[in-house]
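Peer 1: just to be clear, the model below is a prediction. Sequence and coordinates:
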Amino acid sequence: MLTKEDGKEFLENLLGMVKWIVFAGITGTIVGLVGVVFGTCMTAATQYRGDHDWVIFLLPLGGVLIIGLYHLFRVEKPRGTNLVLAAIHAEEEIPIYMAPLIFVATVVTHFVGGSAGREGAALQLGGSIGNQLGKWFRFDDRDKRVVVMCGMSAAFSALFGTPLAAAIFPMEVVSVGIMHYAALVPCVFASIVASRIALAFGMHGEAFPVMNVPEFSAGNLAWILLLAVLCAVISILFCLMLHEAGSLAQKLFSNPYLRAAAGGAVILAVTLVLGTRDYMGAGIPVIERAMEGDVQPEAFFLKMILTAITLGCGFKGGEIVPSFFVGATFGALFGQLTGMPMALCAACGMASVFCGVTNCPISTLFISFEMFGFEGMLYYAVAVSISYMASGYYGLYHDQKIMYSKVKTEYINRRTK
């Protein structure tokens, strides 16, 4: 029998829902519009670099400019997405100037040809804006954490075009094993609003539909299992390279300006020696070719090295699309060597490496369905689950917490390696 307390609780939940839907709409609109501007600038920068080869010779200067920008705002040790995760854990505050900083720095990185993505920058951009909106609306500390996740969802959705995955990813990436379901409504609505705004301005998400999927047989399953395990190993290696590159660069060049200039010079030299621009920027064209069966054996490893150098020496950008690049090219190579369909292997490789570096299996499944379609969903589910367990406790973000063991129901509450 319903009591007065039940009715009061229902009313409070209803009012809370309305509050979050309204705020999510505001956040999705603001962050979506900023995302459109950011995406447009990124596209323009990439296009200009593609049309004018001389721009890549500005790589050392671009690195110095980025370091100068961060020093201007007295950010001596930028923490990137880790700062956003720390804010959600209520351990640190995100200053509003981080939004324009990461915006400009990422555009500069792509303009001169650094090997990086943009979605990681979008998480920082959205989290910073969301945090500021929470201040303006005078939310308490707990609600402010939800607001940060809300902004992350909106930015990710606007730039990547996967609203379902964007809604879940911020809730999952913070504390693996414990989902912040209080953020579900605001993240879903902010993600949807931002994606609609992006579509209205002509920004379409990346999609690589996989149509010719083989029968789900024991033999095919065995190949995908092996691919997922290998991708888990690659994800561990990629995380280690990204983490150690910065430390090594600091040992070699204690001066941050010299470090950035040297990193830019190395990327430029490698690019000129290779005679290809495939490893500059995010590398979406290479992913598209891999899905079509065109892949170079060394592509996945070269992308790992150049992305580690780019981010380790002070350039800014994301690690998410580079992880897709690595997974797609390795997966396509695996398909080429085993005779499995290369598009399916590339898709499973992308999903496996992304899950391995982010420790977010649910978000990865949503991304797989939104990017590749549902034809190969059983293969994606197997690849993602195996990679999640086999990749251990490594991750892109040191401030990410693994709350429960990956192999048994044990509370561990540890940060990623």
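Peer 2: Cool, got the structure. Residues are numbered from 1 along each chain as shown.

Peer 1: flag the shaky bits of this protein, pLDDT-wise.
Peer 2: 1-2, 6, 76, 78-93 (pLDDT under 70).

Peer 1: now do the end-to-end distance for stretch 153-168.
Peer 2: 8 Å (C-alpha to C-alpha, to the nearest Å).

Peer 1: now do the same contact list for Ser363.
Peer 2: By C-beta atoms under 8 Å, 6 or more residues apart in numbering, the residues touching Ser363 are Ala165, Ile168, Phe169, Glu172, Val173. Backbone N, C-alpha and C define where each C-beta goes, glycine included.

Peer 1: so the last one makes contact with Thr358?
Peer 2: Yes. In terms of C-beta atoms under 8 Å, Val173 counts as a neighbour of Thr358; the distance is 6.1 Å.

Peer 1: okay, and the common contacts of those two?
Peer 2: In contact with both Val173 and Thr358: no residue, using C-beta under 8 Å, 6+ apart.

Peer 1: who has more neighbours out of the two?
Peer 2: With neighbours defined as other C-beta atoms under 10 Å, Val173 and Thr358 compare such that Thr358 has more, 27 against 24.

Peer 1: from Lys77, how far off is that one?
Peer 2: 23 Å (C-beta to C-beta, to the nearest Å).

Peer 1: cool, Met280 as well?
Peer 2: In terms of C-beta to C-beta, Met280 sits 26 Å off from Lys77.

Peer 1: between the two, which one's more packed in?
Peer 2: Met280 (25 against 6).

Peer 1: for the stretch 51-200 of the chain, which segments are assigned as strands?
Peer 2: Taking DSSP state E, counting those that start in this stretch as the criterion, the stretch 51-200 of the chain carries its strands at 175-176.

Peer 1: how about the helices in it?
Peer 2: For the stretch 51-200 of the chain, the helices defined by DSSP state H, counting those that start in this stretch cover 59-72, 81-88, 98-112, 119-136, 141-160, 163-174, 184-200.

Peer 1: export the third one to PDB, keeping only CA atoms.
Peer 2: Spelled out, it's helix 98-112. Below are the C-alpha coordinates for helix 98-112, written out as PDB (Å, rounded to 0.1, in the frame of the first residue of the first chain):
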ATOM      1  CA  MET A  98      41.400  24.400 -19.500                       C
ATOM      2  CA  ALA A  99      38.600  24.500 -22.100                       C
ATOM      3  CA  PRO A 100      40.200  27.100 -24.500                       C
ATOM      4  CA  LEU A 101      43.600  25.700 -23.700                       C
ATOM      5  CA  ILE A 102      42.900  22.200 -24.900                       C
ATOM      6  CA  PHE A 103      40.800  23.500 -27.800                       C
ATOM      7  CA  VAL A 104      43.600  25.600 -29.200                       C
ATOM      8  CA  ALA A 105      46.400  23.200 -28.400                       C
ATOM      9  CA  THR A 106      44.700  20.300 -30.100                       C
ATOM     10  CA  VAL A 107      43.900  22.300 -33.200                       C
ATOM     11  CA  VAL A 108      47.600  23.400 -33.400                       C
ATOM     12  CA  THR A 109      48.700  19.700 -32.900                       C
ATOM     13  CA  HIS A 110      46.600  18.600 -35.900                       C
ATOM     14  CA  PHE A 111      47.400  21.700 -38.000                       C
ATOM     15  CA  VAL A 112      51.200  20.900 -37.900                       C
END
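
Peer 1: angle of it against helix 119-136?
Peer 2: 160 degrees (axes from the mean of the first three to the mean of the last three C-alpha atoms, to 10 degrees).

Peer 1: counting by contacts, list what helix 98-112 packs against.
Peer 2: Judged by 3 or more C-beta pairs under 8 Å, 6 or more residues apart in numbering; DSSP states H and E, helix 98-112 is in contact with helix 4-51, helix 59-72, helix 119-136.

Peer 1: what's the most buried one of these?
Peer 2: Of these, the one with the most neighbours on average (mean count of other C-beta atoms under 10 Å) is helix 119-136, at a mean of 25.

Peer 1: can you show me the CA trace of that helix as CSV?
Peer 2: Extracted in CSV, the C-alpha atoms of helix 119-136 (Å, rounded to 0.1, in the frame of the first residue of the first chain):
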residue,chain,number,x,y,z
GLU,A,119,38.0,12.7,-28.7
GLY,A,120,40.3,12.7,-25.6
ALA,A,121,40.5,16.5,-26.0
ALA,A,122,36.7,16.5,-26.3
LEU,A,123,36.3,14.8,-22.9
GLN,A,124,38.5,17.5,-21.3
LEU,A,125,36.6,20.2,-23.2
GLY,A,126,33.2,18.9,-22.2
GLY,A,127,34.2,18.2,-18.6
SER,A,128,35.7,21.7,-18.2
ILE,A,129,32.6,23.4,-19.5
GLY,A,130,30.2,21.2,-17.5
ASN,A,131,32.2,21.9,-14.3
GLN,A,132,31.8,25.7,-15.0
LEU,A,133,28.1,25.3,-15.6
GLY,A,134,27.7,23.5,-12.3
LYS,A,135,29.3,26.4,-10.6
TRP,A,136,27.1,29.0,-12.3
